[in-house]
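[1] Any chance you can model this:
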Amino acid sequence: MTFLDEYQRELKRQNQRGRCLHYSNDGRCKDIVSAHSIQKRGQLSLIAEDGHIYRLSADLSTLQKSKGVPALKKVGVNRASAFAGFCKHHDNALFEPIDNFPLGPMKEQIALYAYRCLCREYFVKENAVVALGKMKGHLELDETGRQFLSASLIGHSLGFAGLKHHKSIFDAAISSNDFEQFEFTYFTSRSPCAVQLSGLLYPDCDFEGNQLQELGSDEKPPDLITFFTAPIDNGWGFGFGWHASSNRSCIPFMRSLDRRVATGEKIEDALLRFSLSCCENHAIRISWWDGLHEASRNAAIERMLLMMHPNIPVPNYYLAIGCEGIADWQFEYVHTTLSATT
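    Numbers count the residues shown, from 1 in each chain. The predicted structure follows:
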């Protein structure tokens, strides 16, 4: 069996290894469920067509068809964004305020959306670390291959260490109902939605190309921001949420977006560019994507692959330009905890 075959099989085994990531899990949680990081009822249903959406895929069958390049793949909504990261009891009890109610300017809801984003990434990153660790002795690897795998394992391990750090902070705040420690900005829209997403980012550069923090430092885990789409009354929202311990980078990050919009940047362009550049956990409306001009589809795919390719340096201005004029939705209002002087 080739290295790629075996790695894909091992990663699949890890993804199927369910466990509950709830802050009070003591190892006795049963009945692990396939939880949706993007709400199935509230968000996926808005864009699904015949029960399907597009998502970016790097599974073996896709790579074989696309000559090793990740591509968009049609999947059913039951599989989209799902991860086996909570038991049924904790999933239902913890996320009830966001699964059964529309998003409003309430810190508890933001904290829960952010926690779900974090737990999904924690689940994915831990699986990658375990799978890569098991592949170190594969017979097909030559010296160059072993060095590349070792470097990849180090990178994933550093990322996972950062997630463990932030999860401990989130666990402590949410378990004590201390939601005042969370900050947010979210934009609302009543227009049809074409992209839903859930994810997180260690913001290295802002929307103007300024460096915010240096990633890969051993001094302290980098600041972290989460992002998500969510249902609101009569529409949907695109939100950013973070814990106050990451204010040093997250507040300047959001302020830079404010300045760009104030000087003429369309918020729709900025958020679509961000979505394509910083998130692999998308759900995309099929007819919207298929209806784009070929140049627009190519620009979007190129942006998604830029962030996934380890050998292509990412410029500081990656959030400042690109993919203009593709988004066909409009945002009407913004809700934020940031004051004019923050």
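
[2] Do a quick rundown of the strands in the stretch 51-200 of the chain.
    Assigned by DSSP state E, counting those that start in this stretch, the strands in the stretch 51-200 of the chain fall at 52-57, 71-76, 82-87, 182-189, 195-201.

[3] which strands and helices sit next to the first one?
    Put plainly, it is strand 52-57. strand 71-76, strand 282-284, helix 286-291 (3 or more CB pairs under 8 Å, 6 or more residues apart in numbering; DSSP states H and E). Heads up, the C-betas are built off the backbone N, CA and C, glycines and all.

[4] repeat that with 10 Å
    strand 71-76, strand 195-201, strand 282-284, helix 286-291, helix 294-306 (3 or more CB pairs under 10 Å, 6 or more residues apart in numbering; DSSP states H and E).

[5] returning to what we had before: out of the strands of the stretch 51-200 of the chain, which is closest to Ile286?
    Ranking the strands of the stretch 51-200 of the chain by their distance to Ile286 (criterion: CB to CB) puts strand 52-57 first, at 5.6 Å.

[6] contacting residues around that closest one?
    38, 44, 47, 62-63, 66, 70-77, 79-81, 195-197, 276, 279-286, 288-290, 301, 304-305, 308 (CB atoms under 10 Å, 6 or more residues apart in numbering).

[7] buried residues in the helix ranked longest in the chain?
    For the chain, the helix that runs over the most residues, judged by DSSP state H, is helix 143-175. Within helix 143-175, the residues scored as buried using 16 or more other CB atoms under 10 Å are 149, 153, 155-156, 158-160, 162-163, 166-167, 169-171, 173-174.

[8] What is the nearest of these to Ile98?
    Using CB to CB, these come closest to Ile98 at Ile174, 12.3 Å.

[9] Relative to Gly241, which of the helices and strands packed on strand 52-57 is closest?
    Per CB to CB, nearest to Gly241 of the helices and strands packed on strand 52-57: strand 195-201, 9.5 Å.

[10] What average pLDDT does whatever helix or strand comes next after that closest one get?
    Using DSSP states H and E, the helix or strand that follows strand 195-201 in sequence is strand 225-232. Averaged across strand 225-232, pLDDT comes to 96.

[11] Stretch 323-332 now?
    Here the average pLDDT along stretch 323-332 is 93.

[12] Ranking helices and strands of this protein by mean pLDDT, which lands last?
    The weakest-scoring helix or strand in the chain, judged by mean pLDDT, DSSP states H and E, is helix 60-65 (a mean of 59).

[13] Once you drop chain neighbours, what's closest to Asn247?
    In space, and not counting its chain neighbours, Asn247 is closest to Glu183: 7.0 Å by CB to CB, 6 or more residues apart in numbering.

[14] show me the contacts for that neighbour.
    107, 110, 114, 225, 240-244, 246-247, 250-251, 254, 336-338, 342.

[15] For beta bridges, what are the partners of it?
    Beta-bridge pairing of Glu183 under DSSP bridges involves Trp242.

[16] Equivalent analysis for the one 5 residues further on, please.
    Note on Thr188: beta-bridge partners Gly237, Tyr333, judged by DSSP bridges.

[17] Does it touch Tyr333 like I think?
    Yes - here Thr188 reaches Tyr333: they are 4.7 Å apart, a contact under CB atoms under 10 Å.

[18] Give the bridge partners for the closest residue to Lys74 other than its chain neighbours, please.
    Of all residues not flanking Lys74 in the chain, His52 sits nearest, at 5.1 Å (CB to CB, 6+ apart). Beta bridges link His52 to Glu49, Gly76 when assigned by DSSP bridges.

[19] ok, Thr188 and Tyr333, which is more surrounded?
    Taking other CB atoms under 10 Å, Thr188 and Tyr333 do not tie; Thr188 has more neighbours (19 against 12).

[20] so what's that one up against?
    103, 230, 232-239, 331-335.

[21] Just the buried ones out of these, please.
    Leu103, Ala230, Ile232, Gly235, Trp236, Gly237, Phe238, Gly239, Phe331, Val334, His335.

[22] and Phe187, what is it in contact with?
    Taking CB under 10 Å, 6+ apart, one finds 236-240, 257, 261, 267-268, 271, 330-336 in contact with Phe187.

[23] Mind giving me the PyMOL select for the contacts of strand 52-57, buried ones only?
    To isolate the buried ones among these in PyMOL, judged by 16+ other CB under 10 Å, type:
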select buried, resi 38+44+47+62+63+70+71+72+73+75+77+80+81+195+196+197+276+279+280+281+282+283+284+285+286+288+289+301+304
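
[24] Can you report how many residues neighbour Glu214?
    Glu214: 9 neighbours (other CB under 10 Å).

[25] Give me the nearest residue to it, chain neighbours excluded.
    In space, Glu214 is closest to Asp204, 7.4 Å off (CB to CB, 6+ apart).

[26] Spit out the contact partners of the one you found.
    Neighbours of Asp204 in contact, by CB under 10 Å, 6+ apart: 211-216, 222-223, 249, 253, 314, 316, 318-319.

[27] one more time with 8 Å, if that's ok
    Applying CB atoms under 8 Å, 6 or more residues apart in numbering to Asp204 gives the contacts Gln211, Leu212, Gln213, Glu214, Leu215, Pro222.
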